[in-house]
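Novice: here is the input, now give the coordinates:
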Amino acid sequence: MSEVKISAELRTEFGKGGARRTRRAGKVPAVLYGHGEKPRHIALPAREFAAAIRHGGANQLFNIEITGGGNALALPKAIQRDPIRDTYEHIDLLVVRRGEKVTVDVPVQLIGDAAAGTLIVHEHATLSVLADATRLPEHLEVSVAGLEAGSQITAGDVPLPTGAELAADPELIVAIVTAAPTAEQLGAEAPAEAPAEGEAAAEAPAEA
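Specialist: As a prediction, the model looks like this:
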């Protein structure tokens, strides 16, 4: 995954009021920390940050140029979003160094089609992987092509890119192949229809 260059400003206002003013200015409040450095409070351009995350995912590596504060390589460690406005509220960024290995959760994509008459249950959508901070995979792929009902895919079955190591339990179940329910089973499981209001009234015994 390639790194994204992004500019940032040092923040001098803190607390809820300062964060609101930062967001109104089209920026996202953030904190840079790690490697024993004193945390730095910065503001990132909201549009550029959102575009980078959409393209590279939650593990996007940023090369941050801080006005009056030098440069830093960093990975998003925690992202707070407003689910209603779909905006970013606050970002925690972990400082990393070139050549350093970090543990991140990487999305797992299932490819191919299992045997006819089966369903795939995706038990874990991500896997923990140890990899070079500058070469983090965007996603992992594992094939389910032709798998029969009863088959399982574990974390150890998922191919990893060169240089990456599995940090999760190899026996962790990623996906399960199950038999699809038959039409008869679906019909038996369907709830009985409630009688219409008029029908219920007609069936009720008349009061003495």
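
Novice: please enumerate the strands of this protein.
Specialist: Taking DSSP state E, the strands of the chain run over residues 4-10, 27-34, 37-45, 62-67, 70-82, 87-95, 101-111, 118-122, 126-132, 140-143, 152-154, 165-166, 173-179.

Novice: hmm, who's touching the last one?
Specialist: Spelled out, it's strand 173-179. Strand 173-179 is contacted by residues 108, 110, 114-115, 117-124, 127, 142, 144, 147-155, 157-158 when judged by CB atoms under 8 Å, 6 or more residues apart in numbering. No exception for glycine: its C-beta is placed from N, CA and C like everyone else's.

Novice: buried ones from these, can you make that a PyMOL selection?
Specialist: Here is the PyMOL command that picks out the buried ones among the contacts of strand 173-179, judged by 16 or more other CB atoms under 10 Å:
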select buried, resi 108+110+114+118+120+124+127+142+144+147+151+153+154+155+158
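
Novice: related to what we said a few turns ago, which one of the strands of the chain is the most hemmed in?
Specialist: Most buried of these, by mean neighbour count (mean count of other CB atoms under 10 Å): strand 27-34, with a mean of 20.

Novice: could you export stretch 66-80 as PDB, CA atoms only?
Specialist: C-alpha atoms of stretch 66-80 as PDB (Å, rounded to 0.1, in the frame of the first residue of the first chain):
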ATOM      1  CA  ILE A  66       3.100  19.400   9.900                       C
ATOM      2  CA  THR A  67       3.300  23.200   9.500                       C
ATOM      3  CA  GLY A  68       6.100  24.300  11.800                       C
ATOM      4  CA  GLY A  69       6.400  20.700  13.200                       C
ATOM      5  CA  GLY A  70       8.300  18.600  10.700                       C
ATOM      6  CA  ASN A  71       7.100  15.300   9.200                       C
ATOM      7  CA  ALA A  72       5.800  12.000  10.600                       C
ATOM      8  CA  LEU A  73       4.800   8.600   9.200                       C
ATOM      9  CA  ALA A  74       1.700   7.400  10.900                       C
ATOM     10  CA  LEU A  75      -1.100   4.900  10.800                       C
ATOM     11  CA  PRO A  76      -4.700   5.400  12.000                       C
ATOM     12  CA  LYS A  77      -5.100   3.600  15.300                       C
ATOM     13  CA  ALA A  78      -8.600   4.700  16.200                       C
ATOM     14  CA  ILE A  79     -11.100   6.600  14.100                       C
ATOM     15  CA  GLN A  80     -14.200   8.200  15.600                       C
END
